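> Make a model of this:
(one chain, ligands or ions: 2)
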Amino acid sequence: MSSQDYDCIVIGAGVQGSFTAYNLAKNNKKTLLLEQFVLPHSRGSSHGQTRIIRKAYDEDYYTHMMEECYQLWSQLEKEANVKLYRRTGLLVMGPEQGDYQVFKSTLERNKVPIVILPREEFSQHIPHVNLSQGNAALVDTTAGVLYADRTLKTVQGQFQKLGGVIKDGQKVIDITPGSVVTVTTVSGVYRAKRLVITAGPWANTLLSHTGLQLPLQVIKINVCYWSEKIPGSYNVQHRFPCFIQLESEEAKHHIYGLPSNEYPGLMKICYHTGPETDPDERDRQTDRGDIDILQRYITRCFPGLVPIPAVVESCMYTVTPDDHFILDHHPTHSNIVIGAGFSGHGFKFGPIVGKLLCELSQGEVPSYDLSPFRIRRFQAHSKSAL
Ligand SMILES: Cc1cc2nc3c(=O)[nH]c(=O)nc-3n(C[C@H](O)[C@H](O)[C@H](O)COP(=O)(O)OP(=O)(O)OC[C@H]3O[C@@H](n4cnc5c(N)ncnc54)[C@H](O)[C@@H]3O)c2cc1C
Ligand SMILES: O=C(O)[C@@H]1CCCCN1
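Ligands and ions are numbered 1, 2, ... in the order given. Model (predicted):
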C-alpha cells in the first residue's frame with residue numbers, strides 16, 4: 001500500500017462526510033477525507049453556529065433514529081469534552097387539522113415527552129408570541145440547539161486523533177470507478193477500495209464522473225436574523241425555545257426559528273425553502289421572496305422583533321423530490337456509497353448518518369431499515385409516471 005492508498009476515501013468534509021470519516025477511523029480503516037475548500041469554510045450547507053435537534057417528525061423512522069442519535073451526540077461531547085447540544089425545547093405550531101396532528105401522534109406514539117399548550121395558556125408559557133388563529137401548539141421538550149461550526153471542528157479533530165487524514169483545498173476533479181477507485185484532485189491522485197461521496201450541493205457534479213445523476217435540487221436559503229425590540233425577550237438564557245411554524249394558507253412551507261444566542265439580541269428565523277441556485281454561483285441569486293413572507297409572519301406573530309432582517313447570511317439545501325435523504329450504494333459500483341439530499345434537515349442526524357454510511361461502505365448490514373433512503377425509489381416513481 002503506498003501512502004496514497006487508503007481503505008476508504010470520503011469526498012466532502014461537511015457534517016455528513018466528517019461523521020462518516022470519523023466512524024471509519026473508529027473502525028480502524030485507513031481513511032482520507034477530501035475537501036475542496038480550505039477548512040473551516042462557509043460555502044456549503046453545514047456552516048454557521050446553530051441547528052435544531054428534535055424528535056418531532058411526521059415519520060416514525062426519523063424519530064426512532066433520533067433516539068440513538070441523541071446518545072451519539074452525548075458520547076461525542078464526553079469523548080471530546082465539548083458542549084455541542086443545548087436543550088431549549090421545540091415549539092411546534094400549526095393549523096389544528098393539518099400536519100400538526102401527524103407530528104403530535106408520532107410524538108405520542110413514540111413516547112417522546114411533550115407538553116401540549118392549550119390556546120388559553122399559550123402566552124403564559126410562551127410570552128411575546130401570537131399563536132395564529134386556528135393553530136394548535138405543543139413543545140417537544142427534548143429538542144434544542146446544536147452548535148454547528150463547533151461540531152465540525154470537533155468531529156474533524158477526533159477523526160485526526162484516530163489517525164485519519166484530512167486534505168483540504170483539494171477539489172476532486174475526477175473519479176475512476178473500479179475494484180480500486182481512483183480519485184483525482186487538483187493536486188493529487190489517491191486510491192481506495194471504497195469511496196463515500198458526501199458532497200452536499202455538489203453531489204451531482206461528482207456523480208457525473210460515475211455515470212449517475214440523482215433528482216436533486218439545490219436551493220439557497222436566506223438565513224435571517226431579527227432584532228429584539230426589548231433585549232432578552234427571545235433569549236436562550238430566558239429559556240425561549242426553538243420553533244417550527246408548520247405550513248399554512250399564508251406560508252406554503254415551514255417557518256422556523258432559534259432563540260437569540262449567537263448574535264446578541266438577534267433571533268434567527270428562516271423560511272424552509274428558497275430559489276434554485278448553482279452552488280458555485282449562490283451569491284448571484286438575489287431573490288428575497290422568502291424575506292417578504294417572513295416579514296409578514298414576524299409582524300403578526302413575533303411582535304417583539306423588528307420586522308426587518310438585521311443580518312442575512314446564506315446557506316444551501318440539497319432537496320430530493322420527497323424530502324427524504326439518500327443513503328445508498330451506487331447502483332452500478334457497489335464500493336461507492338452515497339450520502340446526499342439531506343433536504344434541509346440532516347444536521348441533527350450527522351452521527352447516525354456517519355455510522356450508517358460507514359456500515360454501508362464496509363458491506364455490513366445497516367443498523368436501520370434504509371428503504372426510505374434508497375435510490376431505487378426515484379426509479380420506481382419515474383416508471384409509474386410513464
Ligand atoms: C439555513 C439552514 C438551516 C438548517 N437547519 C437545520 C436544522 O435546524 N436542523 C438540521 O438537522 N438540519 C438543518 N439544516 C440542514 C443541514 O445543515 C444539512 O442537511 C447538512 O449540513 C448537509 O450536510 P452535507 O455534509 O451533506 O453537505 P455540506 O455541508 O455541503 O458538505 C459537502 C462538502 O463537500 C464538499 N465538496 C463538494 N464537492 C467537492 C469536490 N469536488 N471535492 C472536494 N470536496 C467537495 C463541499 O465543499 C462541502 O464542504 C439546515 C441547512 C441550512 C442551509
Ligand atoms: O431540521 C430542522 O429541524 C429544521 C426545521 C425546520 C426546517 C429546517 N430544518
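> Name the residues of the stretch 201-350 of the chain found near ligand 2, please.
Contact residues, the stretch 201-350 of the chain versus ligand 2 (CB under 6 Å from any ligand atom): Ile244, His254, Tyr256, His272, Gly344, His345. In short, each C-beta sits where N, CA and C put it, glycine included.
> Tell me which two in those residues are the farthest apart.
When these are compared pair by pair using CB to CB, the farthest-apart members prove to be Ile244 and Gly344, with a separation of 11.8 Å.
> residues contacting Gly188?
By CB atoms under 8 Å, 6 or more residues apart in numbering, the contact set of Gly188 is Gln4, Lys167, Gln170.
> and what of Gln170?
So Gln170 contacts Leu34, Glu35, Gln36, Thr185, Val186, Ser187, Gly188 (CB under 8 Å, 6+ apart).
> One more: Leu90?
For Leu90, the contacting residues are Ile52, Arg54, Ala56, Val139, Asp140, Ala143, Gly144, Pro241, Cys242, Phe243, Ile244, by CB under 8 Å, 6+ apart.
> Kindly confirm my reading that the fourth one forms part of a strand.
Yes - with DSSP: H, G, I helix; E, B strand; the rest coil as the criterion, Val139 is part of a strand.
> what about the helices in the stretch 51-200 of the chain?
Using DSSP state H, counting those that start in this stretch, the helices assigned to the stretch 51-200 of the chain run over residues 60-80, 99-109, 119-125, 148-161.
> Name the residues of the first one that are buried.
Of the residues in helix 60-80, those buried under the neighbour-count criterion (16 or more other CB atoms under 10 Å) are Tyr61, Tyr62, Thr63, Met65, Met66, Cys69, Tyr70, Leu72, Trp73, Leu76, Ala80.
> circling back to that earlier point, pLDDT added to the contacts of Gln170, as a markdown table?
Supplementary listing: these in a markdown table, determined by pLDDT from 0 to 100:
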| residue | pLDDT |
| --- | --- |
| Leu34 | 98 |
| Glu35 | 98 |
| Gln36 | 98 |
| Thr185 | 98 |
| Val186 | 98 |
| Ser187 | 96 |
| Gly188 | 96 |
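> gap between Trp162 and Thr151?
You called it Trp, but residue 162 is Leu. In this view, Leu162 and Thr151 are 17 Å apart by CB to CB, to the nearest Å.
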